[in-house]
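1. take this sequence and fold it.
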Amino acid sequence: MSGIHEFIDNEIKNNDVVLFMKGTPQFPQCGFSGQVVQILDYIGVDYKGINVLADSEIRQGIKDYSNWPTIPQLYVKGEFIGGCDIVREMFQAGELQQHLQENGVTVRGAA
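-> You can find the predicted model right below:
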């Protein structure tokens, strides 16, 4: 496993919720990343944002890691959930909140 894959693997395994995104949770740098940040903030879940724009190796590495071509990418308890569209659909159906709670992740926001 390459260094970048080890880094990604560690981040995903050591944080309950990880969002690989363009920009940071405070300053998203693309609309799709911004939408996922808004959803996570709305449901009140703690997560770690990793800015793929800061490192081209991470940017490519996460696409290889998940076999998913686009950013953002959301992981919960080591499992790849999906990108913006999937996260938004799950959120609107109430499935994202449910999935987080079933995996022991605290959801503090509006249910």
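2. just the strands in this structure please.
-> In the chain, the strands defined using DSSP state E lie at 17-21, 48-51, 73-76, 79-82.
3. JSON lines for those strands, including mean pLDDT?
-> JSON lines is the format used below for the strands of the chain (pLDDT from 0 to 100):
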{"stretch": "strand 17-21", "mean pLDDT": "98"}
{"stretch": "strand 48-51", "mean pLDDT": "98"}
{"stretch": "strand 73-76", "mean pLDDT": "98"}
{"stretch": "strand 79-82", "mean pLDDT": "97"}
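4. let me have the ones you listed in JSON lines, extended by distance to D9.
-> To be clear about C-beta, it is placed using only N, CA and C from the backbone, and glycine gets the same treatment. What follows is the strands of the chain, written out as JSON lines (distance: least, Cβ to Cβ, whole Å):
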{"stretch": "strand 17-21", "distance to D9": "11"}
{"stretch": "strand 48-51", "distance to D9": "13"}
{"stretch": "strand 73-76", "distance to D9": "11"}
{"stretch": "strand 79-82", "distance to D9": "12"}
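5. figure out which of those strands is closest to E102.
-> Nearest to E102, of all those, is strand 73-76, at 9.7 Å by Cβ to Cβ.
6. what's that closest one packed up against?
-> Counting contacts by 3 or more Cβ pairs under 8 Å, 6 or more residues apart in numbering; DSSP states H and E, strand 73-76 packs against strand 17-21, strand 79-82.
7. rewinding a little: in a markdown table, list the strands of the chain along with distance to Q35 and mean neighbour count.
-> A markdown table is the format used below for the strands of the chain (distance: least, Cβ to Cβ, whole Å; neighbours: other Cβ atoms under 10 Å):
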| stretch | distance to Q35 | mean neighbour count |
| --- | --- | --- |
| strand 17-21 | 10 | 25 |
| strand 48-51 | 13 | 20 |
| strand 73-76 | 11 | 24 |
| strand 79-82 | 13 | 17 |
